[in-house]
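In: Here is a sequence with its predicted model. Questions after.
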Amino acid sequence: MKNSRFTCTILFLLLAAGTAFAADVTGKWVAQVPGRGGQTRETTFNLKADGNTLTGTVSGRNGDMPISEGKIDGDNISFSQTMEFNGNSMKILYKGTISGDTIKFTRQREGGEGQAAEFTAKRSGD
């Protein structure tokens, strides 16, 4: 009986420690995101963590656009962004890994269309 309680206590502490040490993604992040023809565009990610939920916006040439389906799993984040072009809708999927003040992102159209783009965002002091 004591051994079972001890094991449960250890498991609880390990789970609590994992949650406590999850990366802090809340804040402003800036990246040079690859676009057509090899050119890059500065993009700002304003992100807010609430437990395992991620909300925020992506700011670029089209202004601020909200993210959806945002999730946090330890140092990994994911979210989507839906864009409208000439009456057509396109969903972009983002996946990132946080390491200190950087997030290494992969961005790809839903359904795997086109080549995935990789870029790094850095935490902004603003």
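Out: Thanks, I have it.

In: and Phe119, what is it in contact with?
Out: Taking Cβ atoms under 8 Å, 6 or more residues apart in numbering, we find Phe119 in contact with Ala31, Gln32, Val33, Pro34, Thr40, Phe105, Arg107. No exception for glycine: its C-beta is placed from N, CA and C like everyone else's.

In: Tell me the bridge partners for Ala121.
Out: Ala31, Ile103 (DSSP bridges).

In: Next, count neighbours for it.
Out: Other residues within reach of Ala121, judged by other Cβ atoms under 10 Å, total 22.

In: Please verify my assumption that it contacts Thr102.
Out: Yes: applying Cβ atoms under 8 Å as the test, Ala121 and Thr102 come out as touching, 6.8 Å apart.

In: hmm, back to that, now list the buried members of the contacts of Phe119.
Out: Neighbour counting over those (16 or more other Cβ atoms under 10 Å) leaves Ala31, Val33, Phe105, Arg107 as the buried ones.
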